[in-house]
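[1] Structure, please.
(chains A and B)
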Amino acid sequence: MPTLFGSGIKRREDPRLITGAGTFTDDLKLPGLTYAAILRSPYAHAKLTKVDVSAAAKAPGVVAVITGKDIAGKVNPVPCAWNVPGCDLKTPPHPMLAVDRVRYVGDGVAMVVAESRAAARDAIDLIDVDYDPLTPVVNPEKATEDGAPQVHAEVPKNIAFTWVVNGGDAAKAFAEAPVRVSQKIVQQRLLPTAMEPRAAVASFNRATGQLTLWATSQNPHIHRFLCSVMLNVPEHKVRVISPDVGGGFGSKIPAYADEALVCHAAMTVGRPVKWTEDRSENYKVTIHGRDHIEYVEMCGTQDGTITGIRTRVYAGLGAYASTAAPGVPTILHGLMYSGAYTIPNIHGTVYGVYTTTTPVDAYRGAGRPEATYLIERLVDTYAREIGMDPADVRRKNLIPADKMPYTVATGITYDSGNYHGAFERALDLIDYKGVRAEQGKARKEGRYLGIGISSYTEVCGIGPSQVAGAVGFGGGLYESAIVRVYPTGVVRVYIGTRPHGQGEETTFAQIVADEFGVPIENVEIVAGDTEATPQGWGTYGSRTTAVGGTAVKLAAGKVKEKIKKLAAHLLEASEGDLEWQDGKFQVKGSPGQAKAFGELALMANVAWNMPAGMEAGLEASAAFDPTNFVFPYGTHVSTVEVDVETGEVKVLRYVCVDDCGPHINPMIVEGQVHGGVIQGVGEALQEIAIYDDEGQLVTGTMMDYAVPKASQMPRIESHYTHTPSPVNPLGVKGIGEAGTIASAPCIVNAVCDALAPLGITHIDKPLTPARVWAAIQGAKGGGGAR
Amino acid sequence: MTRSITLSVNGVARTVAVEPRALLAHVLRDDLNLTGTHIGCDTSQCGACTVHLDGRAVKSCTVLAVQAEGHQITTIEGLASDGTLHPLQTAFWEKHGLQCGFCTPGVIMTAADLLGSNPKPSEEEIRHALEGNYCRCTGYQNIVEAIKAAAATA
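    Numbers count the residues shown, from 1 in each chain, chains lettered A, B, ... in the order given. Model (predicted):
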């Protein structure tokens, strides 16, 4: 039987999804179902002086109205679960519903539970609230200034934490370096925009005390634990089921007040409750991403050796510290300041800052896109300063393959890679010399072509649980799997992660089918139900395949060990005389003496003739806790043309060479690259969440937030190198976030390169025509229009 | 206050009591249990709720259910015939034109309308036709490939 590992077979999740037979949370109906709606603050910052629900409570179809005062003391605040040590982290309580103060537009004030969706919405309008407005603050740098409005009384200057990363001697390096470049960079706030908004259905069984929550979750076991904490329900009485999930991109990692409120309502009302946010609510309430204001600098020699990098970062956290928020601009960001390079001296200071805005947390790439972007922008700025080709600067500073594994100045150790290999391949594919020549020619014709390079490495496959503990992550980061073989030889695999589009129902089945030599149709992957699946930590940080896939492989390996012993017993041979061939254990040299997987599955399950001491049944579980992260890497190159009359950017070519080790399913890898790249291109060219000074989210609907459309996006030419990781036996690295991490700087570098003749060194993303046009107008020496 | 309406959904006459303000998308999902039609926004941008009304793609979040009275509605559940996938469904599967699958029903319904009026669209025409369908997972490239492949088999 040909091996399935490495084969781009069609996905097994697709038949249900292309026929409308998938089950997403909002599709669920339960007998006696009620519907919830949440009244949300229209003010960014205000005292709550009155919440009168009497009219709403009497409205037709209303079952219950719940306010912050009703639940105070009965439930616990929404917790922050990443308590990064050594940074004086302050996480003021985040009540599920506001009691006396609202801190962002969208902060929950009351929940209505009613007989229908419409009745709940109608009753929301009948709640009489008095707000006493306070001054909002939306800019994370200004929020730290003297006299800025205080979001939380107990957090002076709104500084939630001050985190420092230090490696080598950056002060000395900068003092001594002949070349220094610096840049203020704004990494705009983004809206994750999973196509499926968040939803929750909760049901409480009074007889058993069991609470069941169906929710849009990337990590149902974490949500089980946090629901237990928030609601004072013992963890074994909480069951979280995450059915089909319509994308997450990080936004379905956190614990939110809303899902917990739905649970609380189901418990108090005694009927199941459903809540589904609409898109405007999603944009106001579901976490946002990025929101950095950065002052960054790089130093080096005249001939292109980078000797140091230094940053001061104001990372907006929004009004409250969301579940993983403190870890994102610190552990997942600052520790990556060496990028793909040998930068010996690094110093970074990151301020986590509260503002009267929607909480910010992990969004695709989470901290690593921000790191890669600032590094790759600085590399280009530095190259221009010393008059060197930016490709040559990268070539000179990329970590050489023979130095792997390589420990960077921030203290983490990159696992494997041939960075130059991917880099040269990408340059060849775009014909770097050719496009530079073309650029020169175009410039003479008054056309503005640009070439952008982005070399990245990123930390993912998170990660060792010991490291999780050391960096304050409130959970483990291993993964587990149960492989259960039925008497007829069919297999179910229960996993702790929760894929939601990444295709592991297929790739994990490929691993298991290979291990047992059975058709893939005989293997089913089960995920998402905490009652069925073993403890897991979820799908994020490009960890599912590297960590969860390995757990599957190990569990299947245990099953195979057992049936080998059984086969030896049944064949009256010694284990050492057996070999695995075409789905059978056979006596070496005697193919007639063999026991096929199916027969062994039956014999193990009926247990008629087991070796002494062997337990009946055929099932194994395994947990895999990696010894390190994995570090995918690569180089992306793009070419763009800028219309200097309109500021419009056209992407001409986008070439990427990524290395995530061997591919279990190349088709799925490519899909991840495509989607990731386009999310970064959207970030580079058009996506931005904007608050006005009153703290109103003016990009609060899909009419205003520029989600990339098919007609706006380029084709991607994706290529690969394959360097295995030594961290897991599959050799695989994550690929879910790499595209997003690499692509935003790739595009911005290309545009800045195109506009170099005008003296433009930097434009903050997104590079909308308006921004590019304004930069052209503001550039010294003019050129182009006017 | 509700009103009784009859509409043909996937070839079957369905009578349902709806509020005059009820959107077709909600009635399909909540009253007729056709949950393959998804709702991804509240401003008619995303297209996840796209269905066919008398053979043309419409966003069912922008149609009142009462407006559909007496009309033919086809949803993603009605696209395959006699257990055979529609060529677009096959092509989306083969070309990896979906990841999370939430936008997919709407995208396929839009593409079916496109191929009905333009059986051999160019890449540019395909991308233009998808203007009103957002996908956050695929970067659109394999969606375009799938539609091209379906067009080639027709």
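
[2] I'd like to know how many residues surround residue 87.
    Defaulting to chain A. Around A:C87 there are 19 other residues, counting by other C-beta atoms under 10 Å in any protein chain shown. Any C-beta I mention is one placed from the backbone N, CA and C, and that applies to glycine too.

[3] That was the other one, I meant chain B.
    18.

[4] for A:T305, same thing?
    Residues lying near A:T305 (other C-beta under 10 Å) number 16.

[5] That one touches A:N397, doesn't it?
    Yes. Using C-beta atoms under 8 Å, A:T305 is in contact with A:N397, at 6.7 Å.

[6] so where's the chain uncertain?
    Answering for chain A, as no chain was given. A:1, A:780-786 (pLDDT under 70).

[7] right idea, wrong chain: chain B
    By pLDDT under 70, chain B has no low-scoring segment.

[8] name the element the residue in it that chain A sits nearest to belongs to?
    When scored by C-beta to the nearest C-beta, chain B has B:G36 as its residue closest to chain A, at 1.8 Å. Assigned by DSSP states H and E, B:G36 belongs to no helix or strand.

[9] Contact partners for it?
    Neighbouring residues of B:G36 by C-beta atoms under 8 Å, 6 or more residues apart in numbering or on different chains: A:T19, A:G20, A:A21, A:G22, B:T75, B:I76, B:E77, B:P105.

[10] Contact residues of the stretch 1-150 of chain A facing chain B?
    Within the stretch 1-150 of chain A, the residues that sit near chain B (C-beta under 8 Å from any C-beta of the partner chain) are A:10-11, A:13-24, A:26-27, A:29, A:117-118.

[11] Only whichever of those are buried, select them in PyMOL.
    To isolate the buried members of the residues of the stretch 1-150 of chain A next to chain B in PyMOL, using 16 or more other C-beta atoms under 10 Å in any protein chain shown:
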select buried, chain A and resi 11+13+14+17+18+19+20+22+24+26+27+117+118
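
[12] if we can go back for a sec, which of the contacts of B:G36 fall within helices?
    The helices in this structure, assigned by DSSP state H, contain B:P105 from the contacts of B:G36.

[13] mind putting the contacts of B:G36 in TSV, distance to B:S4 included?
    Compiled in TSV, these are given as follows (distance: C-beta to C-beta, whole Å):
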residue	distance to B:S4
A:T19	30
A:G20	26
A:A21	29
A:G22	30
B:T75	21
B:I76	26
B:E77	23
B:P105	27
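
[14] so which two of the contacts of B:G36 are the farthest from each other?
    Greatest spacing in these, by C-beta to C-beta: A:G22 and B:T75 (13.4 Å).

[15] So A:A202 sits against A:A265, correct?
    Yes. In this structure, A:A202 is within contact of A:A265 by C-beta under 8 Å, at 7.2 Å.

[16] who does A:V637 bridge with?
    Per DSSP bridges, the residues bridged to A:V637 are A:I453, A:V655.

[17] Contacts only, for it.
    Per C-beta under 8 Å, 6+ apart, neighbours of A:V637: A:426-427, A:429-430, A:432, A:451-454, A:653-656, A:746.

[18] contacting residues for A:A199?
    Neighbouring residues of A:A199 by C-beta under 8 Å, 6+ apart: A:F24, A:T25, A:D26, A:A215, A:T216, A:K274, A:W275, A:T276, A:E277.

[19] One more: A:D389?
    Contacts of A:D389 by C-beta under 8 Å, 6+ apart are A:A383, A:R436.

[20] now the helices for the stretch 251-400 of chain A?
    For the stretch 251-400 of chain A, the helices defined by DSSP state H, counting those that start in this stretch occupy A:257-269, A:279-285, A:368-386, A:390-397.

[21] Show me how far the first one is from its chain's centre.
    The one in question is helix A:257-269. Chain-centre distance of helix A:257-269: 27 Å, with C-alpha atoms, centre = their mean, to the nearest Å.

[22] by contact count, what packs against it?
    strand A:34-40, strand A:62-67, strand A:108-114, strand A:199-205, strand A:210-215, helix A:220-231, strand A:273-276 (3 or more C-beta pairs under 8 Å, 6 or more residues apart in numbering or on different chains; DSSP states H and E).

[23] tell me the angle of it relative to strand A:210-215?
    In terms of direction (axes from the mean of the first three to the mean of the last three C-alpha atoms, to 10 degrees), helix A:257-269 departs from strand A:210-215 by 140 degrees.

[24] that older thread, could you export the helices of the stretch 251-400 of chain A to JSON lines, including columns for mean neighbour count?
    Formatted as JSON lines, these follow (neighbours: other C-beta atoms under 10 Å in any protein chain shown):
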{"stretch": "helix A:257-269", "mean neighbour count": "25"}
{"stretch": "helix A:279-285", "mean neighbour count": "23"}
{"stretch": "helix A:368-386", "mean neighbour count": "25"}
{"stretch": "helix A:390-397", "mean neighbour count": "20"}
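
[25] any chance of those helices in a markdown table, plus distance to A:E645?
    Putting the helices of the stretch 251-400 of chain A into a markdown table (distance: least, C-beta to C-beta, whole Å) gives the following:
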| stretch | distance to A:E645 |
| --- | --- |
| helix A:257-269 | 47 |
| helix A:279-285 | 33 |
| helix A:368-386 | 24 |
| helix A:390-397 | 27 |
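
[26] A:F174: which of those is closest?
    Comparing the helices of the stretch 251-400 of chain A against A:F174 with C-beta to C-beta, the closest turns out to be helix A:368-386 (12.8 Å).

[27] For chain B, what's its nearest residue on the stretch 501-650 of chain A.
    Nearest residue of the stretch 501-650 of chain A to chain B (C-beta to the nearest C-beta) works out as A:G501 at 3.3 Å.

[28] let me fix that: the stretch 101-250 of chain A
    Taking C-beta to the nearest C-beta as the measure, the point where the stretch 101-250 of chain A comes nearest chain B is A:G246, at 2.9 Å.

[29] now do chain A
    Chain B sits closest to A:G20 of chain A, with a gap of 1.8 Å, by C-beta to the nearest C-beta.

[30] what's the nearest residue to that residue if we skip its chain neighbours?
    B:G36 (1.8 Å; C-beta to C-beta, 6 or more residues apart in numbering or on different chains).

[31] Which stretches in chain B count as strands?
    B:3-9, B:12-18, B:50-53, B:56-59, B:72-74 (DSSP state E).

[32] Now stretch A:577-585: buried residues?
    Residues of stretch A:577-585 classed as buried under the neighbour-count rule (16+ other C-beta under 10 Å) are A:L578, A:W580, A:G583, A:K584, A:F585.

[33] Stretch A:26-46 too?
    Those buried within stretch A:26-46 under the rule 16+ other C-beta under 10 Å are A:26-28, A:30, A:33-41, A:43-46.

[34] for it, the distance to its chain's centre please.
    Using C-alpha atoms, centre = their mean, the offset of stretch A:26-46 from its chain centre is 26 Å.

[35] ok, A:Y320 touching A:G106?
    No. Counting by C-beta under 8 Å, A:Y320 stays clear of A:G106, with 11.5 Å between them.
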